[in-house]
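S.K.: Just need the structure, nothing else, for what follows:
(chains A and B)
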Amino acid sequence: MITVKDLHKHFGNLEVLNGINQHIKPQEKVVIIGPSGSGKSTFLRCLNLLERPTSGQIFFEGNEITAPKADIDQLRCRMGMVFQQFNLFPHLNVMDNITLAPITHKLMTREKAQQRAMELLNRVGLAEKATAYPKQLSGGQQQRIAIVRALAMNPDVMLFDEPTSALDPEMVGEVLDVMKRLAEDGMTMVVVTHEMGFAREVGDRVLFMDGGVVLEEGTPKEIFEHPKQQRTQDFLKKVL
Amino acid sequence: MLSAFLFSATEVASSTIFDQWWLGMKDQAMAGQLNFWQNIYKEIYQNVLYNDRWLNYLRGMGITLEVSFFAALVGLFLGLLVAMMRLSGVKPLQKIAGVYVGIIRGTPMLLQVLIINFGIFGSIAIDRVIIGVIACGLNSGAYVSEIIRSGILSVDKGQTEAGRSLGLSNWQTLRLVVFPQALKTALPALCNEFITLIKETSILAYIALTELTKAGDYIRSKTYSAFTPYIVSGILYLIMTGVLTKLLGKLERRLRQGDNR
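M.R.: All right, here's what the predicted structure looks like:
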């Protein structure tokens, strides 16, 4: 579904990504872990071109999205993204947050979009918040709405950029539950996270990144129980 | 319609009760024997009531409103355009916008008005109201552009990223996500700018446009009263700015829904 070839990203002299090659299959759940500054968020943000790679190629469903004339907006419609800081639109209520993009893209009529939004809100248990504004909601609720907002576009893949890092500890669970159910439904997911429990439980494949490269990858069992690299071992010792 | 009514009304009432009051105290006035209240009446009579002079103020106020309104539109349009140019990331556009803002902010408005009136339109017969709209609009645009630019910059970058990640184009994200939030932040400053604009149109008195300040000045030249005509003009300015402040305050409260609920 997504193929990444020799991806490099520099910020000035700082080399954040140093040659990444990956292939993500449909329905695969890829979890990216690693110390901060290892480039994992930058890698994720390159996948929908929120960051422009310095060099390398990314293919999504057969199209090269790094090609100069690729229709990025069209591709992003099929890639949902969830941010650490939720980034809900504060001037719109929950319903309008969710339906803004589908209606603007004329994917659905307003009625259809609202109907679909209610279905999704029901699924995350927030149907009664449809007319609330983001600031009236807790962090966990906001993040669940943000997930719904991305899902409303019916994406083929969901990118999660540390979705629970800005949450109070007691709200992490409710967001992870939504993500787990999404995984069970067969969504293709790429998740950057510090939640090792989630990585172990949901991940099909875990990437350990450090210094802008994927240092080690494998099934959760391989990575968490038999890490080969010294640095993976050190990192896991600290976070587990 | 309104002015037709006003004029027809004045023709009928050629000698009103106000005129008779004045006639009653005229001899005392000649002798300089008016008491405090009579003096005040004399000032009001001569500067406002006599010969329907109050119409002069109202016409002046009409012109002030006319110039302010259209200059605000020009300023808003220019300000938006220039703010977009400065944020576009396109070097030549940024340069042009920067030079425009630099010149307008760096020189006195009076000088700008004089240059536009005598320099640019000096040899062209053109309504002074239009010159006033152009001069004030051009001036206001520079300030409005800075207000809008800072409003847009105040919106968190994550908002743009969220919009773009949903497949919205740059322009759609700006229009639907960033702009409504920027406007809310910028509104108090914009309100200030519009109030400033109303007051600064008084500079057009310099090019003999009979707006509210010039209207008061004209009465002064007839009656030699140093205070009253200007105070009448001042009160009318206060009414205009007061109403505008109220209206924009209401709008601001409506836009703030998202924070308070």
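S.K.: what sits against residue A:6?
M.R.: A:19-21, A:55-57 (C-beta atoms under 8 Å, 6 or more residues apart in numbering or on different chains). For the C-beta atoms, the positions are set from N, CA and C on the backbone; glycine is no exception.
S.K.: ok, and the closest non-adjacent residue to residue A:83?
M.R.: Nearest residue to residue A:83 in three dimensions, chain neighbours excluded: residue A:161, at 5.5 Å (C-beta to C-beta, 6 or more residues apart in numbering or on different chains).
S.K.: The closest residue to residue A:137 other than its chain neighbours - how many residues pack around it?
M.R.: Computed as C-beta to C-beta, 6+ apart, the closest residue to residue A:137 that is not its neighbour in sequence is residue A:129, at 6.4 Å. Using other C-beta atoms under 10 Å in any protein chain shown, residue A:129 has 20 neighbouring residues.
S.K.: Could you look up the SS state of residue 41?
M.R.: Just so you know, I chose chain A. Using DSSP: H, G, I helix; E, B strand; the rest coil, the secondary structure recorded for residue A:41 is helix.
S.K.: ditto for residue B:173
M.R.: helix.
S.K.: Can you check the pLDDT for it?
M.R.: We have a pLDDT of 95 for residue B:173.
S.K.: these two touch, right, the residue nearest to residue A:137 and residue A:141?
M.R.: Yes: between residue A:129 and residue A:141 there is a contact under C-beta atoms under 8 Å: 6.6 Å.
S.K.: Can you flag the buried ones in the contacts of residue A:6?
M.R.: For those, a burial check counting by 16 or more other C-beta atoms under 10 Å in any protein chain shown picks out A:20, A:56.
S.K.: residues contacting residue B:166?
M.R.: Applying C-beta under 8 Å, 6+ apart, the residues contacting residue B:166 are A:76-77, A:100-101, A:149-150, A:153.
S.K.: Please list the residues of chain B that sit near chain A.
M.R.: B:156, B:158-159, B:161-169, B:172, B:176-177, B:180-181, B:184, B:255, B:257-259, B:261 (C-beta under 8 Å from any C-beta of the partner chain).
S.K.: Out of those, which end up buried?
M.R.: The neighbour-count test (16+ other C-beta under 10 Å) applied to the residues of chain B next to chain A identifies B:159, B:161-168, B:172, B:176-177, B:180-181, B:184, B:255, B:258 as buried.
S.K.: So which bits of the longest helix seen in chain A are buried?
M.R.: Counting residues, the longest helix found in chain A (DSSP state H) is helix A:169-184. Residues A:171-172, A:174-176, A:178-179, A:182-183 are the ones in helix A:169-184 that count as buried (16+ other C-beta under 10 Å).
S.K.: from these, which is closest to residue B:57?
M.R.: Nearest to residue B:57 among the buried residues of helix A:169-184, counting by C-beta to C-beta, is residue A:171 at 63.2 Å.
S.K.: how near is the closest residue to residue B:113 other than its chain neighbours to residue B:237?
M.R.: Closest residue to residue B:113 apart from its sequence neighbours, by C-beta to C-beta, 6+ apart: residue B:135 at 4.6 Å. As for residue B:135, its distance to residue B:237 is 19 Å (criterion: C-beta to C-beta, to the nearest Å).
S.K.: Neighbour count: these two, which is higher?
M.R.: Set residue B:135 next to residue B:237 and count neighbours by other C-beta under 10 Å: residue B:135 wins out with 30 against 20.
S.K.: coming back round to it: could you check the distance from the residue nearest to residue A:137 over to residue A:115?
M.R.: To residue A:115, residue A:129 is 17 Å away according to C-beta to C-beta.
S.K.: same check, this time on residue B:129
M.R.: To residue A:115, residue B:129 is 54 Å away according to C-beta to C-beta.
S.K.: Who has more neighbours out of the two?
M.R.: residue B:129 (16 against 13).
S.K.: In this structure the more buried one contacts residue B:66, no?
M.R.: Yes: between residue B:129 and residue B:66 there is a contact under C-beta under 8 Å: 6.2 Å.
S.K.: Let me know whether stretch A:165-172 sits next to chain B.
M.R.: No: judged by C-beta under 8 Å from any C-beta, stretch A:165-172 makes no contact with chain B; its nearest approach is 10.9 Å.
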